[in-house]
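Peer 1: Predicted model and sequence below, questions to follow.
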Amino acid sequence: MTDFQPRPGQSVEGYDVTARRGTDYYAVFADIPAADREAWERAEAYIDEVGTRMLEAWDTAEYPLDLAMRMGQLDLFNDGIAHPALTHLSPLAAGLVNMEISRGDGSLGTVLAVQGGLALRTLALFGSDEQQARWLVPVARGEVPASFALTEPDHGSDSVSLETVARRDPATGEWIIDGAKKWIGNGASGGITFVWARVEADDEYHGAVRCFLVEQDAPGYVGTVIQGKASLRGIHQAHIVLDGVRVPSDAVLPGTRSFKDASTVLYSTRSGVAWSALGHATACYEAALAYSQQRIQFGKPLAKFQMVQERLANMLEELTAMQLYCRWMADLEERGELRPTQASLAKYHNTRAARRIASTARDMLGGNGILLENGVMQHMADIEAIHTYEGTESVQALLIGRDITGMSAFA
């Protein structure tokens, strides 16, 4: 066991610029409103509460669903979604919560993204009054695990080409769903799944992509936990097979009429990936900084070596840029001015920068860098997963490229 602590103590009362100057060098978050700060502190207290068990869960590849769903009890799943039944978080508050949760544990950051950013948002934006009355609050409170099933075994970045099909039973009016989905967080957790499928119907929606609310105990729904992951080991992600799954005629979310509706959800959560990357990078930088100040080599702290100081400065340069991206992105979103490709650029920049910071931090910790107790290796592995979230690096580059050139390179 090493004696250094990767998460230095922080002030609970207000924002202590002196205490945070090693991380928030430009005081990017020094002037946030009290309500946003309160949400941030709630997330911080939650991480302090569950951190030890989540470290063990990551090591053993177990999913402590009770800890994950506790975020709902603390009103942390809302992810900036505007709905009368939900406590509203501003884009900045939602981002800070995402950052703090990911700073503590990447698996929990993914739970937040799935339960809140994807599933809850889908229901709030597109669900019927009846669907929302039954499910919205239970999902927000973490009483029912929820998942968002878009990605398929053969369709990731090209998810618009999905092959899962929903067709009507002319005798009963029920929908019958056949297909498969992969990498679905909470997809085998005993709750509900929002399944995106191509519709075969004798109306104007024939061939369109729509979303269906499927309870996971429905006959024909089989969710198998994906084994052998080297990343995000503290959350179960599922390979789902839908074999003649029957759902009622009103299981379709009426607000979903085309693939553009799925894209609306993904665009909204893309900014969350940028915030999550910032959380991971912050944890890695803090670990490297603390280690350099406490580790004695050749008779002096590592922090006194020129090479170490240069590396810390380089990491801080990238971390500060990540913070500025996120803060300005939140301001744009608050004003209703954030464009999808702006969120893409933040995600593109921040996951790439987080990978570089994690790599440098791992190197600075030497042999101790591979120990889970020091945090860096776990964050380094988890960053590899979020790097591909909501569209890979290449897809983001093409989205941005199309926007700035006016020409598409997708086809």
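Peer 2: The structure has been received and is ready for your questions.

Peer 1: Report how many residues lie close to the nearest residue to Arg295 once chain neighbours are set aside.
Peer 2: In space, and not counting its chain neighbours, Arg295 is closest to Leu302: 4.9 Å by CB to CB, 6 or more residues apart in numbering. (Each C-beta comes from the backbone N, C-alpha and C, glycine too.) Per other CB atoms under 10 Å, the neighbour tally for Leu302 reads 22.

Peer 1: Next up, the contacts around Leu302.
Peer 2: For Leu302, the contacting residues are 291-293, 295-296, 308, 364, by CB atoms under 8 Å, 6 or more residues apart in numbering.

Peer 1: Kindly recompute the last result at 7 Å.
Peer 2: By CB atoms under 7 Å, 6 or more residues apart in numbering, the contact list for Leu302 reads 292, 295, 308.

Peer 1: Same check on Arg362?
Peer 2: 369, 376-377, 380.

Peer 1: Could you report the distance from Thr282 to Gln323?
Peer 2: According to CB to CB, to the nearest Å, Thr282 and Gln323 sit 9 Å apart.

Peer 1: scratch that, Asp169 is what I was asking about
Peer 2: Counting by CB to CB - Asp169 and Gln323 are separated by 53 Å.

Peer 1: Repeat that for Thr87.
Peer 2: Look at Thr87 and Gln323: by CB to CB, they are 25 Å apart.

Peer 1: Between those two, which is the more surrounded one?
Peer 2: Neighbours were counted for Thr87 and for Gln323 using other CB under 10 Å; Gln323 has more, 23 against 12.

Peer 1: Find the nearest non-adjacent residue to the residue minimising distance to the centre of the chain, please.
Peer 2: Centroid-nearest residue in the chain, with CA atoms, centre = their mean: Ala113, separated by 3.6 Å. Closest residue in space to Ala113, ignoring its immediate chain neighbours: Gly272 at 5.7 Å, by CB to CB, 6+ apart.

Peer 1: how about the one you found, what does it touch?
Peer 2: Contacts of Gly272 (CB under 7 Å, 6+ apart): 79, 98, 113, 117.

Peer 1: Reformat the residues you listed as TSV; add distance to Val241 and pLDDT.
Peer 2: Converted to TSV, the contacts of Gly272 look like this (distance: CB to CB, whole Å; pLDDT from 0 to 100):
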residue	distance to Val241	pLDDT
Asp79	29	87
Asn98	31	96
Ala113	24	95
Gly117	25	94
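
Peer 1: Just the closest of these to Asn186, please.
Peer 2: Ala113 (10.6 Å; CB to CB).
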